[in-house]
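> Generate coordinates for the sequence data below:
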Amino acid sequence: MSSPTSNKPPGFFSILSGEYSELAESDRLGKCRSVTEFEKLNRVGEGTYGIVYRARDVESNKIVVLKKMKFDKGTQKNGIHITGLREMNILLNLSHVNIVEMTEVVVGKSLESIFLVMEYCEQDLASLLDNILSPFSEPQVKCIMLQLFNGLQYLHENFIIHRDLKVSNLLMTDKGCVKIADFGLARKYELPLKPMTPTVVTLWYRAPELLLGSKTHTTAIDIWSAGCIMGELLAHKPLLPGRSEMHQIDLILDMLGTPNDTIWPEFSSLPALENFTLKKQPYNNLKHKFGWLSEAGIRLLNVLFMYDPKRRISAEDSLQSSYFKEQPRPCDPEFMPSFPQHRLKRKQAKPTAQSGEKRKSLDDSFKSFGESSNSIRLKKSRQEKS
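Numbers count the residues shown, from 1 in each chain. Prediction:
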């Protein structure tokens, strides 16, 4: 038998009178503004836990992002998926120039229409990497990494681990300001550390302790991801594009050599090592992979990629690296490339054999929070191999 309130606006059903009373809009919205106060301009993407729109705040005329939260259909009684709740809770308590700002929560007519209002950023690093005609210059890479480490220092000082850092989750404004986004997998941590699932962080950016089954998550997993991002920006291609967890481990071993208990005291006790043995590769090949990089740059990559999470460098110490103080110095954020400029260059450029090997461009000039171009780039690399 259908519910007496089915297909009706939000309200309540009286057991005594048998009548249904609609809930006043002011009571439904509470202190939240209505989504009708925003003009949706276009849909820019859809992640696992939300649909993203570019919109205009009618009152202020400001361009913003509306992220509609998805409800967990499998456990409808719980409402919004836990990932959305975590993102909402964390972002409401953060305020930093290098963290995407969530300004408010707005609601629709349905109690299941809840939107996060976030600042609008014109591009993300994955889109830039896929569209610029030439790699980022070293001053530009340094500018990006300094901003990333600034944002990470703030997060880690506030006991937050992002757990899903990748180039598509780093947004950039038209002024060159880098913003860490997509906090759906982020977690607050406390001492003593509690066990967490190891299957977080997109595979290409996943730290070795997670790949080998550790359930202890520390800020070090974000630092490893930052190292992968730095390598990707320098090389203009994904640094460790694994096709599976085993392939990902092999790529790490090829780059850094095989770990042991001497350099990583807890190595032999990691759960995954009960099922397989790692191949023997004795050499660290970072210097070979980045032969043109300065000694200071190689040192920074080495400490970002330290096998032992306890010895991995912190975001705070990364900011003090001599790599950022030597020539060439980091550029000013305002000198970072912008997406529209490179789209114009692409249209004006004549097709050449070399341009055919460039990254495959994306159709959308704005990547949604949580949306990644990794799958596109992985598909491209496979096509090149065939």
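> Can you give me the neighbour number for the closest residue to residue 266 other than its chain neighbours?
Setting aside the residues directly before and after it, residue 266 is nearest to residue 308 in space (Cβ to Cβ, 6 or more residues apart in numbering), at 7.6 Å. In this view, the C-beta of every residue, glycine as well, is placed from N, C-alpha and C. The tally of other residues near residue 308 (other Cβ atoms under 10 Å) stands at 16.
> do residue 214 as well
The tally of other residues near residue 214 (other Cβ under 10 Å) stands at 21.
> helix or strand for it, which one?
Using DSSP states H and E, residue 214 sits in no helix or strand.
> low-confidence ranges in this structure?
Low-confidence segments of the chain (pLDDT under 70): 1-30, 47-49, 72-82, 111, 190-200, 339-386.
> where along it do the helices fall?
Secondary structure of the chain, counting by DSSP state H: helices at 25-29, 82-92, 125-131, 138-157, 208-211, 220-235, 245-256, 286-289, 295-304, 315-318, 339-348, 374-385.
> would you list these in CSV and tack on mean neighbour count?
Formatted as CSV, these follow (neighbours: other Cβ atoms under 10 Å):
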stretch, mean neighbour count
helix 25-29, 13
helix 82-92, 18
helix 125-131, 22
helix 138-157, 22
helix 208-211, 24
helix 220-235, 24
helix 245-256, 18
helix 286-289, 15
helix 295-304, 18
helix 315-318, 18
helix 339-348, 13
helix 374-385, 13
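> how about a markdown table for those, with distance to residue 270 added?
Listed next are the helices of the chain as a markdown table, based on distance: least, Cβ to Cβ, whole Å:
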| stretch | distance to residue 270 |
| --- | --- |
| helix 25-29 | 50 |
| helix 82-92 | 27 |
| helix 125-131 | 31 |
| helix 138-157 | 23 |
| helix 208-211 | 7 |
| helix 220-235 | 14 |
| helix 245-256 | 11 |
| helix 286-289 | 22 |
| helix 295-304 | 20 |
| helix 315-318 | 24 |
| helix 339-348 | 41 |
| helix 374-385 | 26 |
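> out of those, nearest to residue 41?
In terms of Cβ to Cβ, the element of the helices of the chain nearest to residue 41 is helix 339-348, at 16.5 Å.
> about what we covered before: let me know which of the helices of the chain is the nearest to residue 326.
Closest of these to residue 326 is helix 295-304, at 5.6 Å (criterion: Cβ to Cβ).
> by contact count, what packs against that closest one?
Identification of packing neighbours for helix 295-304 by 3 or more Cβ pairs under 8 Å, 6 or more residues apart in numbering; DSSP states H and E yields helix 220-235, helix 286-289, helix 315-318.
> can you list the ones you listed in JSON lines and add distance to residue 297?
Formatted as JSON lines, the helices and strands packed on helix 295-304 follow (distance: least, Cβ to Cβ, whole Å):
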{"stretch": "helix 220-235", "distance to residue 297": "8"}
{"stretch": "helix 286-289", "distance to residue 297": "10"}
{"stretch": "helix 315-318", "distance to residue 297": "12"}
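> Please tell me I have it right and residue 53 contacts residue 35.
No: counting by Cβ atoms under 8 Å, residue 53 stays clear of residue 35, with 9.6 Å between them.
> who touches both of these two?
Common neighbours of residue 53 and residue 35, using Cβ atoms under 8 Å, 6 or more residues apart in numbering, are residue 66.
> For residue 113, which non-adjacent residue is closest in space?
Per Cβ to Cβ, 6+ apart, closest to residue 113 is residue 107, 6.1 Å.
> contacting residues for the residue nearest to residue 153 when sequence neighbours are not counted?
Closest residue to residue 153 apart from its sequence neighbours, by Cβ to Cβ, 6+ apart: residue 315 at 4.1 Å. By Cβ under 8 Å, 6+ apart, residue 315 lies in contact with 149-150, 152-153, 156, 219, 222-223, 226.
> ok, 7 Å please
149, 152-153, 156, 223 (Cβ atoms under 7 Å, 6 or more residues apart in numbering).
> Format those as CSV; extra columns: distance to residue 285.
Shown next, in CSV, are those (distance: Cβ to Cβ, whole Å):
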residue, distance to residue 285
149, 24
152, 26
153, 29
156, 29
223, 20
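> Let me know the closest of the residues you listed to residue 236.
Residue 236 lies nearest to residue 149 out of the contacts of residue 315, by Cβ to Cβ, at 20.5 Å.
> wait, doesn't the closest one sit right on residue 317?
No: counting by Cβ atoms under 7 Å, residue 149 sits too far from residue 317 to count as a contact (9.2 Å).
> hang on, residue 279 packs against residue 253?
Yes: if you go by Cβ under 7 Å, residue 279 and residue 253 touch, sitting 6.2 Å apart.
> From what I see, residue 207 and residue 221 are in contact.
Yes: the pair residue 207 / residue 221 is scored as a contact, 4.4 Å apart, by Cβ under 7 Å.
> Overlap of the contact sets of the two?
With Cβ under 7 Å, 6+ apart as the test, residue 207 and residue 221 both reach residue 201.
> Report the angle between the longest strand along the chain and helix 82-92.
Assignment by DSSP state E gives strand 38-47 as the longest strand of the chain. Inter-element angle recorded for strand 38-47 and helix 82-92: 120 degrees (by axes from the mean of the first three to the mean of the last three Cα atoms, to 10 degrees).
> Check which helices and strands strand 38-47 sits against.
Applying 3 or more Cβ pairs under 7 Å, 6 or more residues apart in numbering; DSSP states H and E, we find strand 38-47 packed against strand 50-57.
> Kindly calculate the angle that the strand it packs on makes with helix 82-92.
Counting by the same axes, to 10 degrees, strand 50-57 lies at 40 degrees to helix 82-92.
> Next one: the residue nearest to residue 266 from residue 63, what distance?
45 Å (Cβ to Cβ, to the nearest Å).
> now swap in residue 295 and tell me
44 Å.
> Sort out which residues of stretch 323-330 are buried, please.
Buried residues in stretch 323-330, counted by 16 or more other Cβ atoms under 10 Å: 323-324, 330.
> CA-only coordinates of stretch 152-164 in PDB, if you can.
Extracted in PDB, the C-alpha atoms of stretch 152-164 (Å, rounded to 0.1, in the frame of the first residue of the first chain):
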ATOM      1  CA  LEU A 152      48.700  20.400   2.800                       C
ATOM      2  CA  GLN A 153      50.500  22.000   5.800                       C
ATOM      3  CA  TYR A 154      47.300  23.700   6.800                       C
ATOM      4  CA  LEU A 155      45.300  20.400   6.400                       C
ATOM      5  CA  HIS A 156      47.800  18.400   8.400                       C
ATOM      6  CA  GLU A 157      48.100  21.000  11.100                       C
ATOM      7  CA  ASN A 158      44.300  20.600  11.500                       C
ATOM      8  CA  PHE A 159      44.600  16.800  11.600                       C
ATOM      9  CA  ILE A 160      43.000  16.200   8.200                       C
ATOM     10  CA  ILE A 161      44.300  13.700   5.700                       C
ATOM     11  CA  HIS A 162      43.000  14.300   2.200                       C
ATOM     12  CA  ARG A 163      43.500  10.700   0.900                       C
ATOM     13  CA  ASP A 164      42.800  11.500  -2.700                       C
END
